[in-house]
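[1] Sharing a sequence plus its predicted fold:
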Amino acid sequence: MAIANEVLIIGGGIGGLTLALQLEQAGVPARVLEAVPDLQPLGVGINILPHASKELWGLGLQDRLAEISVATSTSVFYNRFGQLVHSDPAGKAAGYPWPQYSIHRGKLQTMLADVVRERLGQDRLVLDARVTEIEDRGDGVVVHTVDTEGNARQWEGDVAIGCDGIRSVVRRSLHPGDSDPLYSGYTMWRGTTRMKPFLDGASMVRAGWLETGKMVIYPILDFEDGTQLINWVAEIEAPQRSDRDWTRNTSDTGFMEPFADWTFDWLDVPQMLGAAEAVFEYPMVDQDPLAFWTKGRITLLGDAAHPMVPRGSNGAGQAILDTRALRDALVEEEDPQRALIRYEAERLPRTAEVVQLNRSNPPDAILREVFERTGDRPFDDIDDVISPDEMHELLNRYRAVTGSSLDALREGAS
């Protein structure tokens, strides 16, 4: 290891904070520079699949995760008529040593920030530090920041890691001519509703299909009174109406119309939507994979490196996998620049494949096949529509590419 000063992590999201903890555990000094003056528990639910929860367990976070999440038991698929298409065990129920977590993104970020302060020190997570310039001086980097009062500071380090999300300043500095976000043709409306549990209280539901309205629904928090906080996502074909902003609140209820008759014996979807605490609108966009992430002593990680359509529960997970690869490279390589190149060589092609697969064949492609083969009509027997082998093939292909298959994780542990 040839890190003499410290790693400067630009961005205090899930990727940046996890990277700080990975480096601290490996004995590599790090500092996180975050633009916002105060970290707020923003966003709604996300899923952390076993390949990523393995890394969080390795950081000793399992007890904290259990307090703020629901361990997903089953991934289930329904058509828009409420008919069961497929059921697949998830997490520990599927034989993984690590759970699949359904969790509020903001609660996960807040927990990670607390642990960073505890383990690295209060001064190692710097808020109100918006990056204005990054200098690569050959033997190190200097990151210039400014706070909301206009006060400028400089931070010196051996390398700088851009973990600053979908609006990454670091990405723009490396790729000033970067392509604009690509709109998929679908918009998502997201929200949370406190209500009684449905199914077994730990299931992740995908239902319907994009042309007529698709939903993803799962619990992310248990309350003592027996209710749960249910996260839901409605995905509908629509013209793009907004830019990328996870916090864009909307009062438009038009998105609910395709789900008006989704009243099933296992869930009353219209009632759930109508009781939401707030609704957030987000265009389903991604960007083409970059030719490179690394230039000199600067590289990218997470959404800054590989923004992807939010399907397949792999956005945060791939960022967490990035952190482990970068940690290993920085520890094992004598030259910091060589470490960044090694990290990129390992992670760029893998994440590029995930970006492409999320566009074409994420896990919910099962629902696409049923929609097309039935002509969007109820079926008598799902085996006459699509065989179990075909469904498992679609799921296993996605797991293989994303590194989330049980076999891949066993090989990685051997």
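    Received, thanks.

[2] Give me the buried positions along stretch 51-62.
    Buried residues in stretch 51-62, defined by neighbour count with 16 or more other Cβ atoms under 10 Å: 51, 52, 53, 54, 55, 56, 57, 59, 61. (Glycine included, C-beta is placed from N, CA and C.)

[3] which one of those residues is nearest residue 396?
    When those are ranked by distance to residue 396 (Cβ to Cβ), residue 51 comes first, at 13.9 Å.

[4] Give the bridge partners for residue 285, please.
    residue 183 (DSSP bridges).

[5] That one: neighbour count?
    Using other Cβ atoms under 10 Å, residue 285 has 20 other residues around it.

[6] now swap in residue 324 and tell me
    21.

[7] my read: it touches residue 21, true?
    No: using Cβ atoms under 8 Å, residue 324 is not in contact with residue 21, being 10.8 Å away.

[8] contacting residues around the closest residue to residue 175 other than its chain neighbours?
    Nearest residue to residue 175, sequence neighbours excluded (Cβ to Cβ, 6 or more residues apart in numbering): residue 290, at 6.3 Å. Counting by Cβ atoms under 8 Å, 6 or more residues apart in numbering, residue 290 makes contact with 171, 175, 178, 300, 305, 306, 348.

[9] Cross those against helices and list the overlap.
    171, 348 (DSSP state H).

[10] hmm, back to that, where strands are concerned, which of the buried residues of stretch 51-62 count?
    Using DSSP state E, no member of the buried residues of stretch 51-62 sits in strands.

[11] Just those: which are in helices?
    51, 52, 53, 54, 55, 56, 57.

[12] is it true that the fifth one touches residue 318?
    No: with contacts defined as Cβ under 8 Å, residue 55 does not count as touching residue 318, sitting 11.3 Å away.

[13] thinking again about what came up before, buried ones among the contacts of residue 290?
    171, 175, 300, 305, 306, 348.

[14] Closest one of the residues you listed to residue 187?
    Looking across the buried ones among the contacts of residue 290 and measuring by Cβ to Cβ, the closest to residue 187 is residue 306, at 21.3 Å.

[15] ok so, going back, ok, of the ones in helices among the buried residues of stretch 51-62, which one's closest to residue 69?
    residue 53 (9.5 Å).

[16] any idea how far that closest one is from residue 203?
    For residue 53, the distance to residue 203 (Cβ to Cβ, to the nearest Å) stands at 18 Å.

[17] quick one, strands of the stretch 101-250 of the chain?
    For the stretch 101-250 of the chain, the strands defined by DSSP state E, counting those that start in this stretch cover 101-104, 125-126, 130-136, 141-146, 152-157, 159-162, 182-195, 203-209, 213-222, 228-237.

[18] ok so, going back, what separation do you get for the residue nearest to residue 175 and residue 304?
    Taken as Cβ to Cβ, the span from residue 290 to residue 304 is 10 Å.

[19] Determine the residues that are contacts of both of these two.
    With Cβ under 8 Å, 6+ apart as the test, residue 290 and residue 304 both reach residue 171.

[20] Which residue ranges of the stretch 251-400 of the chain form helices?
    269-274, 315-332, 336-360, 365-374, 388-402 (DSSP state H, counting those that start in this stretch).

[21] got it, and the stretch 1-150 of the chain?
    Going by DSSP H, counting those that start in this stretch, the stretch 1-150 of the chain shows helices at 14-25, 50-58, 62-67, 105-120.

[22] Show me which positions of stretch 87-100 end up buried.
    Buried-residue list, stretch 87-100, by 16+ other Cβ under 10 Å: 88, 90, 91, 92, 93, 96, 98, 99, 100.

[23] Straight-line length of that stretch, end to end?
    Length of stretch 87-100, first residue to last, Cα to Cα, to the nearest Å: 15 Å.

[24] Run through who's touching it.
    For stretch 87-100, using Cβ under 8 Å, 6+ apart, the contacting residues are 47-50, 53-54, 57, 65, 71-77, 101, 204, 395, 406, 409.

[25] That stretch: how far from the chain's middle?
    Mean C-alpha position of stretch 87-100 versus that of the full chain (Cα atoms, centre = their mean, to the nearest Å) differs by 18 Å.

[26] Now render the helices of the stretch 1-150 of the chain as CSV, adding distance to residue 391.
    CSV is the format used below for these (distance: least, Cβ to Cβ, whole Å):
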stretch, distance to residue 391
helix 14-25, 30
helix 50-58, 20
helix 62-67, 29
helix 105-120, 29
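
[27] who wins for proximity to residue 370 among those helices?
    Nearest of those (Cβ to Cβ): helix 50-58, 26.1 Å.
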